[in-house]
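A.B. asks: Okay, predicted coordinates and the sequence, questions at the end:
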Amino acid sequence: MSPPTLTSPTPTLTLTPEPLTPSAFHPYGTAITSPLPRTVATPPPASALTALHPTPVLANQNTALKYSPISPLDDHYGSNCPSGRASSARMTMFSCFPRTLRPSTGKSAVFDIRILERHPYTTQTFSPLDLSSQPAAGSGTAQEPEPYYLVVVAPSLKGTTAQATTSSGEVVTIADPPDLSRVKAFVARGGQAVTYGAGTWHAPMAVIGNRRVDFLVVQFMNGVAEEDVQEVVFGEGVVVEVEQGVGVKARL
């Protein structure tokens, strides 16, 4: 079934994505990245561990650092959802292919945001596979630009409702709808995972570049479609500016 369309006007909003950092993303969930520079090849001395967050402990015969917890894994199903149906943890893989961009002025293109979704009773963590944390991969003069992914989120208008229309013309009520005037976009690369907080509105994963990115996804599900995910679509107006200097091509 197609997602319902919000009947309220879509604001005109042009977003310049910012780097994904734990502090900037904190209102929407958790940005996960190693606290150590990638050049660190041996465990730091014990005296230096307390400066890391969360404070790690030595593991694997002192050849590894274990950080715990790094991100919540929340299950709010059960008595909180209308069906009362219990959930179970689910691990899936998403193979996400490059998004089509719309040409714009100058050296940028734009990605149109037309749909948002949320998982009201569970966190959802995306961890990229086979994606370098560096902008370019390879060697020599012909380095292939690495793709990146856009993390697009919007806060909920908690305690309010909005009207939406289904494809059959039925008017439905959306509880805690997204605040489209406050959508934010972040740039994430390999070496970064992201956890959407339970109930956080977000765009489906958007890969920018010339090849697909596979993601390992962890969440809870109970098999009731409208409880596992809620979606809304809307009209034109919300766009993300995308730099084309990393091998990104706008496609008509």
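C.D. replies: Received it, and whenever you're ready, just let me know what you need.

A.B. asks: for the residue most central in space within the chain, what are its contacts?
C.D. replies: By C-alpha atoms, centre = their mean, the mean C-alpha position of the chain lies nearest to Val151, the distance being 4.1 Å. By C-beta atoms under 8 Å, 6 or more residues apart in numbering, the contact list for Val151 reads 20, 25, 185-188, 194, 202. Any C-beta I mention is one placed from the backbone N, CA and C, and that applies to glycine too.

A.B. asks: Switch those residues over to JSON lines, and while doing so, append secondary structure to every line.
C.D. replies: Written out in JSON lines, the entries for the contacts of Val151 read as follows (DSSP: H, G, I helix; E, B strand; the rest coil):
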{"residue": "Leu20", "secondary structure": "coil"}
{"residue": "Phe25", "secondary structure": "helix"}
{"residue": "Ala185", "secondary structure": "strand"}
{"residue": "Phe186", "secondary structure": "strand"}
{"residue": "Val187", "secondary structure": "strand"}
{"residue": "Ala188", "secondary structure": "strand"}
{"residue": "Val194", "secondary structure": "strand"}
{"residue": "His202", "secondary structure": "strand"}
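
A.B. asks: could the residues you listed go into CSV alongside pLDDT, neighbour count and distance to Leu52?
C.D. replies: Below are the contacts of Val151 laid out as CSV (pLDDT from 0 to 100; neighbours: other C-beta atoms under 10 Å; distance: C-beta to C-beta, whole Å):
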residue, pLDDT, neighbour count, distance to Leu52
Leu20, 97, 22, 19
Phe25, 98, 24, 19
Ala185, 98, 22, 29
Phe186, 98, 22, 23
Val187, 96, 18, 24
Ala188, 97, 25, 21
Val194, 98, 26, 20
His202, 98, 22, 28
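
A.B. asks: Could you identify the most distant pair in these?
C.D. replies: With distance counted by C-beta to C-beta, no two of those lie farther apart than Val187 and His202, which are 14.6 Å apart.

A.B. asks: those helices in the stretch 1-150 of the chain, which residues are they?
C.D. replies: 22-25, 46-49 (DSSP state H, counting those that start in this stretch).

A.B. asks: what's the first one packed up against?
C.D. replies: This points to helix 22-25. Judged by 3 or more C-beta pairs under 8 Å, 6 or more residues apart in numbering; DSSP states H and E, helix 22-25 is in contact with strand 29-33.

A.B. asks: Who are the packing partners of the strand it packs on?
C.D. replies: Secondary elements touching strand 29-33 (3+ C-beta pairs under 8 Å, 6+ apart): helix 22-25, strand 192-196.

A.B. asks: Can you give me the neighbour number for Ser68?
C.D. replies: One way to gauge burial is a neighbour count; for Ser68, by other C-beta atoms under 10 Å, it gives 10.

A.B. asks: Ignore what I typed, I meant Met91.
C.D. replies: Here the neighbour count serves as a burial measure; for Met91 (other C-beta under 10 Å) it reads 9.
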